[in-house]
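A.B. asks: next input, structure requested:
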Amino acid sequence: MSAFVTRYPKEEDEVNNAEVKMAMLCANNNVAFTFCDDFNKCVAQMFPDSAISRKYSAGKTKTTQLIKGAIAAELDDELAKTCRSQPFSLLCDESNNRKTEKEFVILARLYDEATMQVTTRFMEMPTCNVGNAENLYEKLSEALRKRGIPWENLIAFNSDNASVMKGRHNSVLSRLKISQPHVQDLGCICHHVQLATGCGIRAAQVPVKGILVGIYTHFDKSAKRCETYKDFVDFTDSDHLKLLRPTLTVMTRWRGVPKCVIWQDICVIQL
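C.D. replies: Got it, this is the predicted structure:
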């Protein structure tokens, strides 16, 4: 008869489950671990009728160790197992910090059978203060080697277009092609999109930068125009959107341009 009796998890398991879920929530939403100290003090008062909340004890230190020692390790094992059994591509980028340690980000892009979607997963971010092609390749090779991932499963490589990454003779890519001759160089997708967009704008002869500057300056120095804009937004029951300033940084750092274009364009449409 015991086979037909429902066996509920032990209270300790339920407490552990709550602490792990809270740790995952902090990691997914980029919440500071110091928040867990305050939450740990309040959870028993928030749910006084719960035995689980009275035993909940995941502060900053415990939450950090849960993420680094348990959750991260489990996710890394899952990623390694997937990359060992199916094709995947790598996305890499190196930092150019001058006053701190330089880091080399390694991501894996693969098909997730659970969600039936192509996803990007974090693999590793080792320190590489001497960012030459030899050291960067060694960090990349070590990341695959210690996870038991064969080179044969690597089908594509993505990075920026720096010579240390994509040079013809002495680069990370040239070394990758020795380990995996069939790897495809996809280049930086974002740079490709930016170049294609720039060609389209030039062909259409639309002065995008001039329009962005003109929209901002039209409202920036005139309190009357700003009030007119606010009255119109209230009248149309629309969101109050802030006009972004298209600074020199935005114009030269192309990743900041789309946000500026979208916000300015929405504001103009409202007007």
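
A.B. asks: low-confidence ranges in the stretch 101-250 of the chain?
C.D. replies: Scanning the stretch 101-250 of the chain for pLDDT under 70 picks out the ranges 244-250.

A.B. asks: in it, which spans are strands?
C.D. replies: Across the stretch 101-250 of the chain, reading from the start of the chain, the strands by DSSP state E, counting those that start in this stretch fall at 104-112, 117-124, 154-158, 184-185.

A.B. asks: distance to K209 and mean neighbour count for those strands - can I get that in JSON lines?
C.D. replies: C-beta here means a position set from N, CA and C on the backbone, and glycine is covered the same way. What follows is the strands of the stretch 101-250 of the chain, written out as JSON lines (distance: least, C-beta to C-beta, whole Å; neighbours: other C-beta atoms under 10 Å):
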{"stretch": "strand 104-112", "distance to K209": "30", "mean neighbour count": "17"}
{"stretch": "strand 117-124", "distance to K209": "31", "mean neighbour count": "14"}
{"stretch": "strand 154-158", "distance to K209": "28", "mean neighbour count": "19"}
{"stretch": "strand 184-185", "distance to K209": "31", "mean neighbour count": "12"}
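
A.B. asks: Serialize those to JSON lines and add fields for distance to Q86.
C.D. replies: Converted to JSON lines, the strands of the stretch 101-250 of the chain look like this (distance: least, C-beta to C-beta, whole Å):
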{"stretch": "strand 104-112", "distance to Q86": "7"}
{"stretch": "strand 117-124", "distance to Q86": "12"}
{"stretch": "strand 154-158", "distance to Q86": "10"}
{"stretch": "strand 184-185", "distance to Q86": "16"}
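
A.B. asks: how near is the residue lying closest to F33 once chain neighbours are set aside to V20?
C.D. replies: In this structure, F33 finds its nearest non-sequential neighbour in K60, 4.5 Å apart by C-beta to C-beta, 6 or more residues apart in numbering. In this view, K60 and V20 are 15 Å apart by C-beta to C-beta, to the nearest Å.

A.B. asks: ok, back up a step: nearest to T228 among the strands of the stretch 101-250 of the chain would be which one?
C.D. replies: Among those, the nearest to T228 by C-beta to C-beta is strand 117-124 (44.2 Å).

A.B. asks: skip the chain neighbours and tell me the closest residue to A143.
C.D. replies: Leaving aside its sequence neighbours, A143 sits nearest to E124 (C-beta to C-beta, 6+ apart; 4.6 Å).

A.B. asks: I106 is in contact with that neighbour, correct?
C.D. replies: Yes: E124 sits in contact with I106 when judged by C-beta atoms under 8 Å, with a separation of 4.8 Å.

A.B. asks: what sits against A108?
C.D. replies: With C-beta atoms under 8 Å, 6 or more residues apart in numbering as the criterion, the residues that contact A108 are L79, C83, F88, S89, L90, L91, T120, R121, F122, M123.

A.B. asks: tabulate those (TSV), appending distance to G210.
C.D. replies: Compiled in TSV, those are given as follows (distance: C-beta to C-beta, whole Å):
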residue	distance to G210
L79	46
C83	47
F88	44
S89	39
L90	40
L91	34
T120	36
R121	41
F122	40
M123	43
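
A.B. asks: nearest to Q205, of those residues?
C.D. replies: For the contacts of A108, the minimum distance to Q205 (C-beta to C-beta) is 34.8 Å, reached by L91.

A.B. asks: how far away is the closest one from C26?
C.D. replies: Using C-beta to C-beta, L91 is found at 25 Å from C26.

A.B. asks: kindly provide the distance from the closest residue to C128 other than its chain neighbours to N170.
C.D. replies: Across the structure, with C-beta to C-beta, 6+ apart as the measure, the residue nearest C128 apart from its sequence neighbours is F104 (4.4 Å). Taking C-beta to C-beta as the measure, F104 falls 17 Å from N170.
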